[in-house]
Each structure stands twice: as C-alpha cells, then as structure tokens.
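Enquirer: heads up, no residue letters with this:
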C-alpha cells in the first residue's frame, strides 16, 4: 500500500512537473516579431542575412518624405510581408490606408526606405542594437501601389494575410491598399567593418 | 529492491524534469528592448504613453535625408537614451559616429525623425504591430550635436552608458559623438481614431 502511495505521489509529481514544463516551453504569448525565429545566417553571407531579416521580421519602419511637414523625413511603424511564412521572396509588401501619412506621402513622392533590425528576432541577445554584429538593414527604393486584381496583388495579399491574420478584418471603409517597395539600394550591417556591398540583383538572386 | 529501483527512477525522472523546467523558466537571453517592461499607461493619456515609449525603448529608427542617395529618406537602427533607467527626461540622446551615414546626413541636414514601437516592450502580445492599439510614436525635429563637455553632454553620456553599457568600450578611433533630437512635432497613435494631438510643450510638461 505504501509502495502504491509512493508510486502514486511520484506519478503526481511527474505529472505536475511535466505540466509546468509544458507551460514553460509554450511560454507566454510572444511579442510580434519573435514568432518565427530561425537560425541566423553566417554574417559572411550578406545575401542570406538580408533575405533572412526581411523574411523573418513582421514589422519595420517605413520612412517617407513628409508632404505635410514640409519635406522632412517621416518614419512610421508598419507591418509587412515578403511571402508566405518560410517562403520569403524578398519584395516587401504593405497594407496601408491613405488615412495614414505614409501612404499619403508615397502617393506624392515614392522615395522611401524600409528599416529592419535583428533585435525583434531575438538573436542579438545582450548585444546592443547599435552594435554592428546585431544585424540591421535599410532598403531604399520606390513605394508603389499594387493592383489587388493582378497576380502580384493576389500574391501580396495572401502573403500579408498569412503573416498578419487580423488584416483580413480591418475596416473596409479605411480603403487599405497594397504597396510594394521597389528596391533600388541596400544598406546592410551585420559585422564589423562597415556596410556590406550588396546589390538588388544579388539580393534577388541568391547563389548567383 | 524493485521498490528501491522504482523510487530511484522516480527521483531521476523528477530531477530531469525539474532541470528542464528550470531551463524553461530561465529561458534564452532576452532580446534588447524587452528588459524594462513596465505597465503601459492608459491610452487616453497621450503624454504618459509617449514618454513611456521613449523611456522604455532602448532603440528605434532614426530617419534622415540621405546626402549620399540624393535626398531620399534613410532610416537607420540606432540606440538611444532619454535618461537613467526609470528616470526618462524625454529628450532622446544618441551616440553616433560619422563613419555611419546617419551622422553624416545630420551634419548636413538636421531634419530627422525618431520612430518607436510598443512591440519591443512586449506589451502588444498578439496584436499586430500596425494595429492602432499597439502604440507607435514618431518624433520629428532637428538632430543636433551636443558638446560632451557641457552639463547636458555629461548628462547625455551618463544616460546613454546607463542603458547601453557596451558603448563605454566602443572604439575611440571611431570618434562617437553625442547627438540629441530637438523635438518639433509629435505623431502618436495608441488607439483607434487617428493620431493623438500632442505638442512638444505637453510632452515635456506632463500634468500641465
């Protein structure tokens, strides 16, 4: 009987411990941008690092020339997607409304930059966000409207909704439209020694 | 003997389970910007929300007019501090080197914006980063050099080093300098209904 009790209490202990362990593994609801952490590419591989930052990050800062503040730079927090989860294609797509200054700016002056950090992916650890080994990427180019009726528009919408499910339910009357960043210049720092030389062609043609 | 073996294996199971549990509790080293999470102010309180975003975030995106890319906006990931931990004063100070385009741009055209999100603070949970209830702040103004020998320079340096300890050891030959954002315009979204009206005077004078 004592043995049975012992075995029973042992099973209860293991059950409780396992339950807590499971909770620990699942953890609290993670903040956005920490949901798809995958292994960081080798910093020597600039193309892979840039593509990784774009495919893994869920949000960034989109900077435009402010038409309402007299031509000064205006950075805005935006969500984006470059494809289905794990299938990044490199082109950042956005879901913006002209109720927001960024879309209004882009419709007057397409010049913009999308800036991403490795920090939201969780792999910088205790390294300072400004430390060159904590990767940062700035994509400059033209922020262009994408017609939702085109194949690219349909792809962009599925890519956005796959990573930002709630967008499907955003108010129709806000007239959200799809924009894309047509990349013309890439600024990547992922190690000491200054920005890595990286062209849009190299970015879109890994391994070539 | 069988009972002893059973008890032994039970203890081993609990030990292993507890060890894994402890690992789960400690978790991986947290990403920067998630170290000082404090309670989010009521969204009705625009001043408190803006000051909270500035005092709690450790990094943001500083956008300038690129002198090297022909006047287009250029956002860069930077670390900043507005005071000692828990003692934010509202003015963002930066530690930048002219080896980086942002400082070079600012020395030619001071117009810039600092953009912050609530996401790195961890309190948006599953809410999308572009959802208006996940707070976002864009401070526009002039990015100005601060003389390290002045009282403000000394304060800025202590504020930066208190939140970014490794800055103390950054290479002297890189000639890092202190910059401040002289805030002229504030764009805050922390709820539905568009940006909150918030002046620099209100931002610097909470409760008035």
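Expert: All right, it came through fine. Predicted model, so just to flag it, every value in this text is computed and none were measured.

Enquirer: most centrally placed residue in chain A?
Expert: Centroid-nearest residue in chain A: residue A:57, 2.0 Å away (criterion: C-alpha atoms, centre = their mean).

Enquirer: Tell me which residues touch that one, please.
Expert: Contact criterion C-beta atoms under 8 Å, 6 or more residues apart in numbering or on different chains gives A:33, A:80, A:116, A:117, A:120, A:121 as the residues in contact with residue A:57. Quick note: C-beta positions are derived from backbone N, CA and C, even for glycine.

Enquirer: Might one say that the fourth one is in contact with residue A:129?
Expert: Yes. Between residue A:117 and residue A:129 a contact is recorded at 6.1 Å, counting by C-beta atoms under 8 Å.

Enquirer: Of the two, give the one with the bigger neighbour count.
Expert: Under the neighbour definition other C-beta atoms under 10 Å in any protein chain shown, residue A:117 and residue A:129 were set side by side, and residue A:117 has more, 28 against 24.

Enquirer: Report the separation between the closest residue to that one other than its chain neighbours and residue B:40.
Expert: Nearest residue to residue A:117, sequence neighbours excluded (C-beta to C-beta, 6 or more residues apart in numbering or on different chains): residue B:77, at 4.4 Å. In this structure, residue B:77 lies at 23 Å from residue B:40, with C-beta to C-beta, to the nearest Å as the measure.

Enquirer: Quick one, which of the contacts of residue A:57 are buried?
Expert: A:33, A:80, A:116, A:117, A:120, A:121 (16 or more other C-beta atoms under 10 Å in any protein chain shown).

Enquirer: wait, doesn't the last one sit right on residue A:56?
Expert: Just to be clear, that refers to residue A:121. Yes. In this structure residue A:121 lies within contact range of residue A:56 using C-beta under 8 Å: 5.3 Å.

Enquirer: ok, residue A:198 - how many residues close by?
Expert: The number of residues near residue A:198, taken as other C-beta under 10 Å, comes to 17.

Enquirer: Surely it touches residue A:48?
Expert: No. With contact taken as C-beta under 8 Å, residue A:198 and residue A:48 are classed as non-touching, separated by 10.7 Å.

Enquirer: lowest confidence element among the helices and strands of chain A?
Expert: Comparing helices and strands within chain A by mean pLDDT, DSSP states H and E singles out helix A:2-26 as the least confident, with a mean of 40.

Enquirer: and the helix or strand following that helix, how far from the chain's centre?
Expert: Past helix A:2-26, heading to the C-terminal end, the next element that is a helix or strand (DSSP states H and E) is helix A:46-56. Helix A:46-56 has its average C-alpha position 10 Å from the chain's average C-alpha position, going by C-alpha atoms, centre = their mean, to the nearest Å.

Enquirer: any idea how far whichever helix or strand comes after helix A:46-56 is from the chain center?
Expert: Scanning forward in sequence from helix A:46-56, with DSSP H and E defining helices and strands, the next element found is strand A:59-65. In terms of C-alpha atoms, centre = their mean, the centre of strand A:59-65 is set 12 Å apart from its chain centre.

Enquirer: still on that earlier bit, which neighbours do residue A:117 and residue A:129 have in common?
Expert: When contacts are counted by C-beta under 8 Å, 6+ apart, residue A:117 and residue A:129 are jointly contacted by A:136, B:59, B:77.

Enquirer: between the residues you listed, which is nearest residue A:97?
Expert: Residue A:97 has its nearest neighbour among the shared contacts of residue A:117 and residue A:129 in residue B:77, at 25.9 Å by C-beta to C-beta.

Enquirer: Next, the contact list for that closest one, please.
Expert: Contacts of residue B:77 (C-beta under 8 Å, 6+ apart): A:115, A:116, A:117, A:119, A:129, A:130, A:136, B:59, B:60, B:61.

Enquirer: do the same with residue A:198
Expert: For residue A:198, the residues meeting the contact criterion (C-beta under 8 Å, 6+ apart) are A:46, A:47, A:50, A:186, A:188.

Enquirer: didn't residue A:199 look like it was pressed against residue A:186?
Expert: Yes. Under the criterion of C-beta under 8 Å, residue A:199 is in contact with residue A:186, at a separation of 7.1 Å.

Enquirer: Would you indicate which residues of the longest strand belonging to chain A are buried?
Expert: With residue count as the measure and DSSP state E as the assignment, chain A has strand A:177-189 as its longest strand. For strand A:177-189, burial by neighbour count (16+ other C-beta under 10 Å) applies to A:177, A:178, A:179, A:180, A:181, A:183, A:185, A:186, A:187, A:188, A:189.

Enquirer: before we move on, what about stretch A:45-65?
Expert: Here stretch A:45-65 shows A:46-65 as buried, counting by 16+ other C-beta under 10 Å.

Enquirer: Quick check: closest non-adjacent residue to residue A:50.
Expert: For residue A:50, the nearest residue in space outside its immediate sequence neighbours is residue A:188; the separation is 5.1 Å by C-beta to C-beta, 6+ apart.

Enquirer: Name whatever forms a beta bridge with residue A:115.
Expert: On the basis of DSSP bridges, residue A:115 takes part in beta bridges with residue A:61, residue A:138.
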